[in-house]
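Colleague: Please find the sequence and the predicted model below.
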Amino acid sequence: MDEEGIRAVQITDKESNWQIAKDISSSFIGTLSGDMFAFGMGLMLLDETHLALSFGIDMMITPIVGIFCLIPVGNIVDRYRHKTILNWSISIRLVTLVIFAATSSFFNGRGKLFPVILYLIINAISVNFNNAAYTASVHELVNNGKISRLSSLVQGASSLALILSPALGVALYSATNFTIFIYVEITATGLSFLILQTMHFHYKTLDKQTYTSSQSFKSQMAGFKQGLAYVQGRLLLVGIHFSSGGRQFFVYSFKYWLALYP
């Protein structure tokens, strides 16, 4: 365990600005490459399976995984260091990408759906952990005066990446093949991981885990049951989540249609 979590540290404006620049870079790179990869994967599946439904498979799997991850992700993010969670999440995603690149050529036609679905499930879990950990760690990255600036600039960078990704995805797929998308995504994920290593997370208290793994599991299960009971009593939350997934599906479909048929 490193020394950065032993005591509270005052974050200066200069350090906050550097942290913001790194977070913006990581967010832009990750969103641009991830959206291009999803776009290229949809086109590849459309070519291989000739099923129009396969083009939007990412948009169907992500909200479903999000429902199941909602409570356990929150429990884990609340209990462990955010940088550790991000390191594990990005590392697992990077390994999954390498395995996907090495094995996807063994499947043809509709069989391509099998490795794609497995990858998309793992990727969606990783994205949920990344989003939750980054959101919970804003106070650890910048001082209170820079939080709103961090949020607005990161959101702006992500929006710009979402606008550029369809056009770049079409151009790249027309000029090359889906294998290049995999290499680009692996490179971008590795770059995001390196940027993360340069970011300093200022923990206010020493949050060493003093309880055993069995106690940790029991506490997580208790938190999961409490959260599940809360969601069951408020089905509106589930409805909002699924409606958001449906809206995202139509928005992305329209965006891809504009990119394919300008």
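Modeller: That came in fine, so what should we check first?
Colleague: what are the ranges of the helices in the stretch 1-150 of the chain?
Modeller: Along the stretch 1-150 of the chain, the segments classed as helices by DSSP state H, counting those that start in this stretch run 13-49, 57-79, 82-103, 113-136, 138-141, 147-175.
Colleague: right, so of those helices, which gets closest to residue 196?
Modeller: Within the helices of the stretch 1-150 of the chain, the stretch nearest residue 196 is helix 82-103; the backing value is 5.8 Å (Cβ to Cβ). Heads up, the C-betas are built off the backbone N, CA and C, glycines and all.
Colleague: ok, now which ones touch residue 199?
Modeller: Each residue near residue 199 by Cβ atoms under 8 Å, 6 or more residues apart in numbering is listed here: 19, 22-23, 83, 141.
Colleague: Apologies, that question was intended for residue 183.
Modeller: Neighbours of residue 183 in contact, by Cβ under 8 Å, 6+ apart: residue 101.
Colleague: neighbours around residue 162, how many?
Modeller: As a burial measure, residue 162 scores 16 neighbours (other Cβ atoms under 10 Å).
Colleague: Repeat that for residue 126.
Modeller: The number of residues packed near residue 126 is 22, by other Cβ under 10 Å.
Colleague: Would you agree it is in contact with residue 91?
Modeller: No. Contact criterion Cβ atoms under 8 Å: residue 126 and residue 91 do not qualify, at 9.5 Å.
Colleague: Next, work out how far apart residue 90 and residue 134 are.
Modeller: Noted for residue 90: a distance of 11 Å to residue 134, by Cβ to Cβ, to the nearest Å.
Colleague: same question, residue 123
Modeller: Using Cβ to Cβ, we find residue 123 at a distance of 16 Å from residue 134.
Colleague: Looking at the two, which is more packed in?
Modeller: residue 123 (23 against 19).
Colleague: List the contacts of the more buried one.
Modeller: 93, 96.
Colleague: repeat for residue 86
Modeller: Contact analysis of residue 86 by Cβ under 8 Å, 6+ apart lists 129-130, 133-134, 196.
Colleague: ok, now with 6 Å
Modeller: 133, 196 (Cβ atoms under 6 Å, 6 or more residues apart in numbering).
Colleague: Now do it against residue 165, distance only.
Modeller: Residue 86 is 22 Å from residue 165, where distance means Cβ to Cβ.
Colleague: buried set for stretch 18-31?
Modeller: Using 16 or more other Cβ atoms under 10 Å as the test for burial, stretch 18-31 gives 18-20, 22-24, 26-31.
Colleague: The residue nearest the centre of the chain and residue 180: what is the separation?
Modeller: Taking Cα atoms, centre = their mean, the centroid of the chain lies closest to residue 127, which sits 2.2 Å from it. For residue 127, the distance to residue 180 equals 22 Å [Cβ to Cβ].
Colleague: What is the burial count for residue 81?
Modeller: 21.
Colleague: Run through the residues that contact it.
Modeller: By Cβ under 6 Å, 6+ apart, no residues touch residue 81.
Colleague: How about the backbone phi and psi for it?
Modeller: For residue 81, the backbone dihedrals (degrees, to the nearest 10) come out as phi -60, psi 140.
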